[in-house]
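1. Fold the stuff below for me.
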Amino acid sequence: MAKVNIRNLAKKASKTLAKVYKKIDKKPKKFKKKKIPTKTKFQINFIKKSKENNEKRKHKERLVKLQGIKERNLEKKRIKDVELKLKNKERLLKLQTIKERNLEKKRIKDEELKLKNKELRLKEEELKLKISEHKIKEQVEQRLQDQEQRRKDEERRLRKEAQRIREEEKRSREAAEQRLRDEQQRIRDEHQRRRDEEQRKRDDEDKRKLEAEQRIKDEERRLKDEEQRKRDDEDKRKYEAEQRIKDEERRKINEAEDLRLKEWEKKFDAERKKGEEEEFLKEEELKQKEEERRQRLLSEEKNPNKIN
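-> Purely as a prediction, here's the structure:
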């Protein structure tokens, strides 16, 4: 933010006031040019009273000048306080971002350790688990990249917001300085109105301070809500990833069970077919033996002599 040179402003104000004082000092001299041969008592009192009034007026103008310098110093202090608050806020946001990044790295390491333990328990599905692990790593890296991009966008937005606040403060300060210069020009004729105007300016300044504090509070609340939403989204993605892994494991177990069941059915069908073939062979053998016995009996009936 561009800084206002208070010293230059004070010099300009002093020059302006000096010119005003010079003009005011020159006005009574016009009366002195007229030489009056004899001065009455009334004229002497009038001149004396004019000098006293001039002294009082100069004293009042000096007081107004000191009041203006005091108000500029207070404005400068308030601007420095606002800038310090903004810097502290940016520092806190950076520390929070670093903390979240470290927590995310630790969480990623824990997930990788869990994946390695699951690989040991499921050696027969090692290839598929490696593919799944690779996909999870890509998703984690993508999430990290998305979070980094969101952090950069948030920092850019905060810088813009800080720049906007500084510009508003600059406009307010310039407006206050302009009002102060205008007020110094109207001091002689509008002294009572000046006090009312100063009171109004103080009320407006308090109101702007309250509004600035409210904007900062609203921004902090919005940041907290955004962080909570990010944590909820992260938990949801983590739960979905774990659910996909569980579904994949369940599917693999079901496929293994189906494969064992099919092998058992094939084995059972083979044994059943083998038993049927053996039964069929036994029946054929019995039929053949029965046919041989029957032929033998027929041949014996035809040749009874062979029996005798």
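
2. Show me what the helix or strand where residue 220 lies is packed against.
-> Element membership for residue 220 (DSSP states H and E) is helix 191-302. Counting by 3 or more Cβ pairs under 8 Å, 6 or more residues apart in numbering; DSSP states H and E, the packing neighbours recorded for helix 191-302 are helix 41-121, helix 126-185. Heads up, the C-betas are built off the backbone N, CA and C, glycines and all.

3. do that again at 7 Å, thanks
-> Contacts defined by 3 or more Cβ pairs under 7 Å, 6 or more residues apart in numbering; DSSP states H and E place helix 191-302 against helix 126-185.

4. which stretches of this structure have low pLDDT?
-> Within the chain, the ranges that satisfy pLDDT under 70 run 1-7, 9-14, 17-39, 129, 194-195, 303-308.

5. before we move on, which element is residue 189 in?
-> Applying DSSP H and E, one finds residue 189 in no helix or strand.

6. List the backbone torsions phi and psi for it.
-> phi -100, psi -20 (degrees, to the nearest 10).

7. neighbours around it, how many?
-> 9 (other Cβ atoms under 10 Å).

8. quick check: angle from the helix holding residue 220 to helix 126-185?
-> 170 degrees (axes from the mean of the first three to the mean of the last three Cα atoms, to 10 degrees).

9. quick one, helix 191-302 and helix 41-121 angle?
-> 10 degrees.

10. for stretch 63-71, which positions count as buried?
-> 64-65, 68-69, 71 (16 or more other Cβ atoms under 10 Å).

11. what does stretch 238-251 give?
-> If you call a residue buried by 16+ other Cβ under 10 Å, then stretch 238-251 has these buried ones: 241, 245.

12. can you give me how far it is from the chain middle?
-> How far stretch 238-251 lies from its chain's middle: 30 Å, per Cα atoms, centre = their mean, to the nearest Å.

13. for stretch 274-294, same thing?
-> Worked out by Cα atoms, centre = their mean, stretch 274-294 lies 88 Å from the chain centre.

14. same thing with stretch 161-176?
-> 24 Å.

15. could we number from 171 for the rest of this?
-> Got it, first residue is 171 now, which makes that one stretch 331-346.

16. ok, back up a step: what would the buried residues of stretch 233-241 look like in JSON lines with distance to residue 398?
-> Shown next, in JSON lines, are the buried residues of stretch 233-241 (distance: Cβ to Cβ, whole Å):
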{"residue": "234", "distance to residue 398": "53"}
{"residue": "235", "distance to residue 398": "54"}
{"residue": "238", "distance to residue 398": "48"}
{"residue": "239", "distance to residue 398": "48"}
{"residue": "241", "distance to residue 398": "43"}
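
17. ok, of those residues, which one's closest to residue 178?
-> residue 239 (13.5 Å; Cβ to Cβ).

18. Quick check: the gap between the closest one and residue 350.
-> Residue 239 sits 10 Å away from residue 350, going by Cβ to Cβ, to the nearest Å.

19. any idea how far residue 464 is from residue 246?
-> Taking Cβ to Cβ, one finds residue 246 at 134 Å from residue 464.

20. no, scratch that, I was asking about residue 260
-> Taking Cβ to Cβ, one finds residue 260 at 113 Å from residue 464.

21. Counting neighbours, go ahead and name the busier of the two.
-> residue 260 (14 against 10).

22. Just list the residues touching the more buried one, thanks.
-> residue 328 (Cβ atoms under 7 Å, 6 or more residues apart in numbering).

23. make it 8 Å
-> Shown in contact with residue 260 (Cβ atoms under 8 Å, 6 or more residues apart in numbering): 328, 332.

24. Was I right to think residue 255 contacts residue 386?
-> Yes. Taking contacts as Cβ atoms under 8 Å, residue 255 lies within contact range of residue 386: 7.3 Å.

25. Hmm, residue 378 and residue 342 touching each other?
-> Yes. Counting by Cβ under 8 Å, residue 378 is a contact partner of residue 342 at 6.3 Å.

26. Of these two, which one has the most company?
-> Applying other Cβ under 10 Å to residue 342 and residue 378 shows that residue 342 carries more neighbours, namely 17 against 14.

27. how close does the more buried one sit to residue 374?
-> Distance from residue 342 to residue 374, by Cβ to Cβ: 9 Å.

28. now do residue 434
-> Distance from residue 434 to residue 374, by Cβ to Cβ: 89 Å.

29. Between these two, which has more neighbouring residues?
-> Using other Cβ under 10 Å, the more surrounded residue of residue 434 and residue 374 is residue 374, with 14 against 10.

30. quick one: contacts for residue 409?
-> No contacts exist for residue 409 under Cβ under 8 Å, 6+ apart.
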